[in-house]
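Colleague: the following block contains a protein sequence and its predicted model.
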Amino acid sequence: MLTENILCKQFDVSKPVFDYVEKIEQVVKKQYFEKIEQTREYNQYKVINAMQEHKLDYTNFYWNTGYGYDDPGREKAEKIFASVFHTEDALVRPSIASGTHALYLTLSSLLGFGDEVIAISGRPYDTMLTVLGEEGNEPCNLKEAGVIYKEIPLYNNDIDWEGTLKEISLKTKLLMIQRSTGYSFRPALSLEKIKNAIEQIRNVYPDILIMVDNCYGEFIGKIEPSDIGADVVVGSLIKNPGGGIALSGGYVVGKKAVIDRIANRLTAPGVGREIGLTYGTTRNTLQGLFFAPHIVSEALKGAVLFGELFSSLGFEVTPSQDDSRSDIIQAIKFNNEDMVVKVCEAIQAASPVDAHVSPVPWDMPGYTNKVIMASGAFVSGSSIELSADAPIRPPYIVYIQGGLFYDHAKLGAMICLQKLMEYEDIKDKITTNL
Ligand SMILES: *Cc1c(COP(=O)(O)O)cnc(C)c1O
């Protein structure tokens, strides 16, 4: 049976859509896949090496009860993460419930009454605004704790380090950098740009703490923010570093003194990192890390396919194919709510799980606008699996990410185009551009 037949007969992809995607695939394969594969290979060896260095063995997958003292798997997972990120220390826990939780934990551990935090990569991710107290008035936000917040917009899609130097005062304790696009429309910050900013700032303020929100950035390149001077790097295990296998959790890696504080906040001063059950999740966490370099490369291949397809159809995409990628997200601007909904429906319809349901916009906790999210994932909410989300507000941008396997992203892309064939101009382009 031909692949074309199964796509056209079982998934109702029309012949013109099939041919169009196949044609664009040839373009991206030639131009982008080799570099993605080289990065994957390097990172795969880096991960295996870290596991061997710490003598990971099968008994490490057993787990404890009660306080969770001496959980050898938990301790090894943390050492392995520290090795992969080249940091002194790490926390990797199922009890860190999400990326936002990991970021809040970090900020609330490092900042006290009267301390100032400056976001130097512009407006942070929506859920962080609630954490900071910039949106809503949730109890226990950082504003309530007396933390002062400032923000410096990006300048030409780069960190305005000169502007940052002018803003830093005696009160400034921590600078936060968000690597990924979030719900904005700019390429993710490259590590070259982040490195340059950190160097310039450190020349003047050698001791200022720098945190990088690394969500969606892990294993995109051969180095991580911790390799270029960040004191603490934070992310979610149901994104890149969980490889689609981790069931939940977050990580924080960085300097020992910093991680010690965060561990005390995670549990309690004194017991810190020494307690905390893993409930048998260590195997998934580490197998996920083992899968992660490969899975991220698959997601990246999917992202370049989506990018090329939609820019060929005349949509504005970010990153553009000329930008260097620093996260797995492909943002596409539709300027049209109906198209946003159709694309999200298509991604849902391509899923292995929950393909028969339709996503609808809803008021998601922590977000300011209604959001539509398509995700038919094995791990609920996992956005390293093929997923799409869009805040329902102009200019109607859809953020597509993930795909544990490139083939899945390609199927999603075909179903997207199939749905958009309802638009005459798109149909013309797909049928005549062959
Ligand atoms: C996903 C994400 C977060 C929050 O992570 P959750 O796990 O969804 O709470 C924070 N920052 C960025 C840039 C993200 O992409």
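Modeller: Structure's in. What do you need? Numbering: from 1, shown residues only.
Colleague: from here on, just use CA atoms for contacts and neighbour counts.
Modeller: Will do.
Colleague: chain center to the helix ranked longest in the chain: distance?
Modeller: Using DSSP state H, we find that the single longest helix of the chain is helix 282-312. Averaging C-alpha positions (C-alpha atoms, centre = their mean, to the nearest Å) puts helix 282-312 11 Å from its chain's average.
Colleague: each with direction, which strands does whichever helix or strand comes after that helix pair with?
Modeller: Downstream of helix 282-312, the next assigned helix or strand under DSSP states H and E is strand 316-318. With DSSP bridges as the test, strand 316-318 is paired with strand 330-333 (antiparallel).
Colleague: residues contacting the partner strand, please?
Modeller: With contacts defined as C-alpha atoms under 8 Å, 6 or more residues apart in numbering, strand 330-333 is touched by 185, 303-304, 306-307, 310, 315-319, 395-401.
Colleague: now stretch 34-50
Modeller: Applying C-alpha under 8 Å, 6+ apart, the contact partners of stretch 34-50 are 80-81, 83-84, 219-222, 289-290, 293-294, 296-297, 300-301.
Colleague: give me the subset of these touching the ligand.
Modeller: Counting by C-alpha under 6 Å from any ligand atom, nothing from those sits close to the ligand.
Colleague: quick one on the thing from earlier: elements contacting the longest helix of the chain?
Modeller: helix 15-28, helix 34-53, helix 72-84, strand 316-318, strand 330-333, strand 397-401, helix 406-420 (3 or more C-alpha pairs under 8 Å, 6 or more residues apart in numbering; DSSP states H and E).
Colleague: could you redo the last one with a cut-off of 6 Å?
Modeller: Applying 3 or more C-alpha pairs under 6 Å, 6 or more residues apart in numbering; DSSP states H and E, one finds that helix 282-312 contacts helix 34-53, helix 406-420.
Colleague: next, the angle from it to helix 15-28.
Modeller: Computed with axes from the mean of the first three to the mean of the last three C-alpha atoms, to 10 degrees, the direction of helix 282-312 lies at 110 degrees from that of helix 15-28.
Colleague: tell me the residues on this protein that lie near the ligand, please.
Modeller: 98-100, 125, 178, 180, 182, 213, 215-216, 236.
Colleague: at 5 Å what do you get?
Modeller: Residues of the chain lying near the ligand by C-alpha under 5 Å from any ligand atom: 98-100, 180, 182, 215.
Colleague: any chance of the residues you listed in a markdown table, plus secondary structure and pLDDT?
Modeller: Putting those into a markdown table (DSSP: H, G, I helix; E, B strand; the rest coil; pLDDT from 0 to 100) gives the following:
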| residue | secondary structure | pLDDT |
| --- | --- | --- |
| S98 | coil | 98 |
| G99 | helix | 98 |
| T100 | helix | 98 |
| S180 | coil | 96 |
| G182 | coil | 86 |
| C215 | coil | 98 |
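Colleague: closest to R202 out of the residues you listed?
Modeller: Ranked by distance to R202 (C-alpha to C-alpha), the residues of the chain next to the ligand are led by S180 at 22.1 Å.
Colleague: contacts only, for the closest one.
Modeller: Residues near S180 by C-alpha atoms under 6 Å, 6 or more residues apart in numbering: 188, 327.
Colleague: so how far is S358 from it?
Modeller: For S180, the distance to S358 equals 27 Å [C-alpha to C-alpha, to the nearest Å].
Colleague: for G307, same thing?
Modeller: Distance of G307 to S358, computed by C-alpha to C-alpha: 24 Å.
Colleague: between these two, which is the more surrounded one?
Modeller: With neighbours defined as other C-alpha atoms under 10 Å, G307 and S358 compare such that G307 has more, 24 against 17.
Colleague: sorry, back to before: can you tell me which of the helices and strands packed on helix 282-312 is most buried?
Modeller: Comparing the helices and strands packed on helix 282-312 by mean neighbour count (mean count of other C-alpha atoms under 10 Å), helix 406-420 comes out on top with a mean of 23.
Colleague: between the helix or strand that that one is followed by and helix 406-420, how big is the angle?
Modeller: As assigned by DSSP H and E, the chain's next helix or strand after helix 406-420 is helix 424-432. Relative orientation of helix 424-432 and helix 406-420, computed by the same axes, to 10 degrees: 130 degrees.
Colleague: average model confidence for helix 424-432?
Modeller: Here helix 424-432 scores 95 as its mean pLDDT.
Colleague: i'd like the first residue to be 420 from this point on
Modeller: Fine by me, first position is 420 from now on; the one you just mentioned is helix 843-851.
Colleague: okay, now the unreliable bits of this protein?
Modeller: Along the chain, the model assigns pLDDT under 70 to residues 785, 852-853.
Colleague: longest strand in it, please.
Modeller: strand 591-597 (DSSP state E).
Colleague: remind me what it packs against, helices and strands.
Modeller: In terms of contacts (3+ C-alpha pairs under 6 Å, 6+ apart), strand 591-597 is packed against strand 535-538, strand 628-632.
Colleague: okay, angle between that strand and strand 628-632 too, please.
Modeller: Per the same axes, to 10 degrees, the angle that strand 591-597 makes with strand 628-632 is 20 degrees.
Colleague: adjacent strands (with direction) for strand 591-597?
Modeller: Strand 591-597 has the following strand partners under DSSP bridges: strand 535-538 (parallel), strand 628-632 (parallel).
Colleague: still on that earlier bit, of the contacts of stretch 453-469, which is the most crowded?
Modeller: Neighbour counts for the contacts of stretch 453-469 (other C-alpha under 10 Å) peak at V715, which has 34 neighbours.
Colleague: show me how the chain divides into domains.
Modeller: As assigned by automatic domain parsing, the chain contains the domains 421-464+709-851, 482-708.
Colleague: including distance to K474, could those go into CSV?
Modeller: Output for these, formatted as CSV (distance: least, C-alpha to C-alpha, whole Å):
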stretch, distance to K474
domain 421-464+709-851, 14
domain 482-708, 8
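Colleague: roughly how far is stretch 558-567 from the heart of the chain?
Modeller: Chain-centre distance of stretch 558-567: 26 Å, with C-alpha atoms, centre = their mean.
Colleague: R684 and V760, how far apart?
Modeller: Remark: distance between R684 and V760 (C-alpha to C-alpha) = 41 Å.
Colleague: which one's more surrounded, the two?
Modeller: V760 (22 against 19).
Colleague: does that one sit in a helix, a strand or a coil?
Modeller: State at V760, reduced to three classes by DSSP: H, G, I helix; E, B strand; the rest coil: helix.
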